[in-house]
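Enquirer: Sequence plus the predicted model coming up.
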Number of protein chains: 2
Amino acid sequence: MSEKLVLHEYAASGNCYKVRLTAALLGIRIERREYDILKGETRTPEFLQKVNSNGRIPVLQAGDRFIPESNAACHYLADGSRLIPTDRFDHADMLRWMFWEQYNHEPNIATLRFWLHEIGMENLTEAQRLQVPLKREGGNAALKLMDEHLSGRDWFVADDISLADICLYAYSHVAEEGGFTLAGYPHVSRWIDRVQAQPNYLPISA
Amino acid sequence: MSEKLVLHEYAASGNCYKVRLTAALLGIRIERREYDILKGETRTPEFLQKVNSNGRIPVLQAGDRFIPESNAACHYLADGSRLIPTDRFDHADMLRWMFWEQYNHEPNIATLRFWLHEIGMENLTEAQRLQVPLKREGGNAALKLMDEHLSGRDWFVADDISLADICLYAYSHVAEEGGFTLAGYPHVSRWIDRVQAQPNYLPISA
């Protein structure tokens, strides 16, 4: 891509890391601009008007245009690359896992990680506290489903790494920061090793 | 597509309707198989093993393969059609709205519709009851964001209808069944009219 790419992000977010990891695996250079979400830096009038009316990161800026939603930003970066299957069913199957990630995985595993790791259990509202056991159950159900899917295969879609793996990896590999125990999911654990063995792999802390 | 298509569904679900509406607009014939989710018909061992390990509908069956997640099923049906832009940015922008729908729109508007319309407020758990005002606020924020986006344009992406419109339309046009007031969102209301004026439009009750 000839246009300049800027990732508007909060680096500790797994959603932002997805975009960095996709770019790294494909050898695409992106600039990074950090926002402190705990200080409301993505809710300023300027951010809402220019970058993302939804007030969230990550947003991938491509030239003077903006792509919110982590999985959409990954799709933009990887379009036409080996990380998106060309077969019609496999492409839909990849998107199936990416939509599943945003609906069944992220709201449980990422939210518990954020609450435990960044907000602190003692600072949760009553409505949030009541959701903790539900999110624990939902997160473990998600990890179990992934573990069963990976029991007979190396990657989520077809027989090679795709965006489905990258998008599911981002919060799975730090699930223990949300109080989950990965040792109970041996196929997920070995798949995590496989992602980390990819050429040009970039850790979340990089 | 030469293969036989079967939609495993619960017809009142907006997520299932998305798939039917996509097929209708494209003139694709699909068979329908109904499951009663209130009676647990998508949690049977057979369904979990054969159709969707996540125990949810819709699932689009294409030959002997299965595509869970409504927005992925729509992408499969519409691949190569006028409902998916070919431009790299527009394709990502369409997916951006589809991921936003599953994260910010559906969990608020569809869930309140399900709770009010199908479960009944008096049958909610304490954790659910505490979430009602948060989901009301989130759903109205989603409708407001859509209304602002549509204030200067006819469709969500580029200048024509795409899957982004279909996927957002499904629960938006029945938001009043979840206790939302569409009269407060005039641009959304006019966009609803535009979707309904499409050739081969199919109502949710059909």
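Expert: That came through fine. Residues are numbered from 1 along each chain as shown, chains lettered A, B, ... in the order given.
Enquirer: buried sites along the longest helix anywhere in chain A?
Expert: If you go by DSSP state H, chain A has its longest helix at helix A:126-149. If you call a residue buried by 16 or more other CB atoms under 10 Å in any protein chain shown, then helix A:126-149 has these buried ones: A:128, A:130-132, A:135-136, A:138-140, A:142-143, A:145-147, A:149. Placement of C-beta: from N, CA and C, glycine included.
Enquirer: and the residues you listed near chain B, which?
Expert: The subset of those within reach of chain B, by CB under 8 Å from any CB of the partner chain, is A:Leu130, A:Gln131, A:Leu145, A:His149.
Enquirer: Quick check: chain neighbours aside, which residue is closest to the first one?
Expert: Just to be clear, that refers to A:Leu130. Closest residue to A:Leu130 apart from its sequence neighbours, by CB to CB, 6 or more residues apart in numbering or on different chains: B:Ala127 at 4.1 Å.
Enquirer: Run through the residues that contact that neighbour.
Expert: By CB atoms under 8 Å, 6 or more residues apart in numbering or on different chains, the contact set of B:Ala127 is A:Ala127, A:Leu130, A:Gln131, A:Leu134.
Enquirer: which residue ranges form the strands in chain A?
Expert: A:5-9, A:31-34, A:59-62, A:65-68 (DSSP state E).
Enquirer: Just checking: what are the partner strands of the first one?
Expert: What it means is strand A:5-9. strand A:31-34 (parallel), strand A:59-62 (antiparallel) (DSSP bridges).
Enquirer: got a list of what the closest residue to A:Ser81 other than its chain neighbours touches?
Expert: Leaving aside its chain neighbours, A:Ser81 sits nearest to A:Leu26 (5.5 Å; criterion: CB to CB, 6+ apart). The contact partners of A:Leu26, taken as CB under 8 Å, 6+ apart, are A:Leu77, A:Ala78, A:Ser81, A:Leu83.
Enquirer: so can I have a markdown table of these showing pLDDT and neighbour count?
Expert: Output for these, formatted as a markdown table (pLDDT from 0 to 100; neighbours: other CB atoms under 10 Å in any protein chain shown):
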| residue | pLDDT | neighbour count |
| --- | --- | --- |
| A:Leu77 | 98 | 27 |
| A:Ala78 | 98 | 21 |
| A:Ser81 | 98 | 14 |
| A:Leu83 | 98 | 21 |
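Enquirer: Of the residues you listed, which is the nearest to chain B?
Expert: A:Leu77 (8.7 Å; CB to the nearest CB).
Enquirer: That closest one is in contact with A:Pro58, isn't it?
Expert: No. Using CB atoms under 8 Å, A:Leu77 is not in contact with A:Pro58; the gap is 11.4 Å.
Enquirer: Now for these two: what residues contact both?
Expert: A:Val19.
Enquirer: From the contacts of A:Leu26, which land in helices?
Expert: Short answer: those in helices (DSSP H) are A:Leu77, A:Ala78.
Enquirer: A:Leu168 is in contact with A:Asn104, isn't it?
Expert: No. Assessed by CB under 8 Å, A:Leu168 is found out of contact with A:Asn104, at 10.6 Å.
Enquirer: neighbour-wise, which of these two wins?
Expert: A:Leu168 (26 against 19; other CB atoms under 10 Å in any protein chain shown).
Enquirer: picking up where we left off before, right, so the strands paired with strand A:5-9: which one is the most enclosed?
Expert: Mean neighbour count (mean count of other CB atoms under 10 Å in any protein chain shown) peaks for strand A:59-62 among the strands paired with strand A:5-9, with a mean of 24.
Enquirer: can you list contacts of that strand?
Expert: A:1, A:3-9, A:19, A:30, A:51-52, A:66-68, A:73, A:76-77, B:89.
Enquirer: could I get that strand in PDB with only the CA atoms?
Expert: The C-alpha trace of strand A:59-62 is given here as PDB (Å, rounded to 0.1, in the frame of the first residue of the first chain):
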ATOM      1  CA  VAL A  59      -8.800   2.900  14.300                       C
ATOM      2  CA  LEU A  60      -6.600   2.300  11.300                       C
ATOM      3  CA  GLN A  61      -6.000   5.500   9.300                       C
ATOM      4  CA  ALA A  62      -5.200   4.900   5.700                       C
END
